[in-house]
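Participant: structure for this input, please:
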Amino acid sequence: MLINLVSAAVARLDTAPDPAAHAEAVADHLLPDVLPYRLGTQALFSFATFNGRPLAANAPEVMFSLVLGAAVPTGLRMAQAAETRSDDFPYVVPHTG
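Facilitator: Take a look at the predicted model:
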C-alpha cells in the first residue's frame with residue numbers, strides 16, 4: 001500500500017526518474033518503523049540522514065521531502081519556539097502563565 005501511494009505521488013509530481021524504485025527505497029528506509037541512533041553521535045534528522053532526531057528537527061519537512069523525492073520547504077526553523085524546549089528531561093519548559 002505505502003509503495004503504491006508513494007509511487008503514484010512521485011509519478012504525478014515527476015520528482016524521480018523511476019517512481020517505483022523510489023517508492024521501494026522509501027519503504028526500505030521507513031520500515032520497520034524504527035528511528036536508528038548511533039550512541040555517542042550527534043542526532044541528525046534530515047532528507048539524507050536519519051540518526052535519531054533532535055527536538056527541534058522539522059520532521060514533517062524531512063518526511064515530505066523523503067517521500068516525494070524533492071525538497072518540500074515548510075518555512076519552520078529550528079530556532080522557532082526555542083523558549084519552550086529545555087536541555088534537561090522532560091525537555092519541555094513548564095508554562096508559568
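
Participant: can I get the CA coordinates of stretch 61-74 in CSV?
Facilitator: What follows is stretch 61-74, C-alpha atoms only, in CSV (Å, rounded to 0.1, in the frame of the first residue of the first chain):
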residue,chain,number,x,y,z
GLU,A,61,9.5,18.7,6.1
VAL,A,62,12.0,15.8,6.2
MET,A,63,9.3,13.2,5.7
PHE,A,64,7.5,15.0,2.9
SER,A,65,10.9,15.6,1.1
LEU,A,66,11.9,11.9,1.6
VAL,A,67,8.6,10.5,0.3
LEU,A,68,8.2,12.9,-2.6
GLY,A,69,11.9,12.9,-3.7
ALA,A,70,12.1,16.6,-3.7
ALA,A,71,12.5,19.5,-1.3
VAL,A,72,9.2,20.5,0.4
PRO,A,73,10.0,23.6,2.4
THR,A,74,7.5,24.4,5.2
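
Participant: what's the offset of that stretch from the middle of its chain?
Facilitator: Chain-centre distance of stretch 61-74: 8 Å, with Cα atoms, centre = their mean, to the nearest Å.

Participant: buried ones in it?
Facilitator: 61, 62, 64, 65, 66, 67, 68, 69, 72 (16 or more other Cβ atoms under 10 Å). Heads up, the C-betas are built off the backbone N, CA and C, glycines and all.

Participant: tell me the strands in the chain, going along the chain?
Facilitator: Counting by DSSP state E, one finds strands in the chain at the ranges 44-45, 50-51.

Participant: flag the shaky bits of this structure, pLDDT-wise.
Facilitator: Within the chain, the ranges that satisfy pLDDT under 70 run 97.
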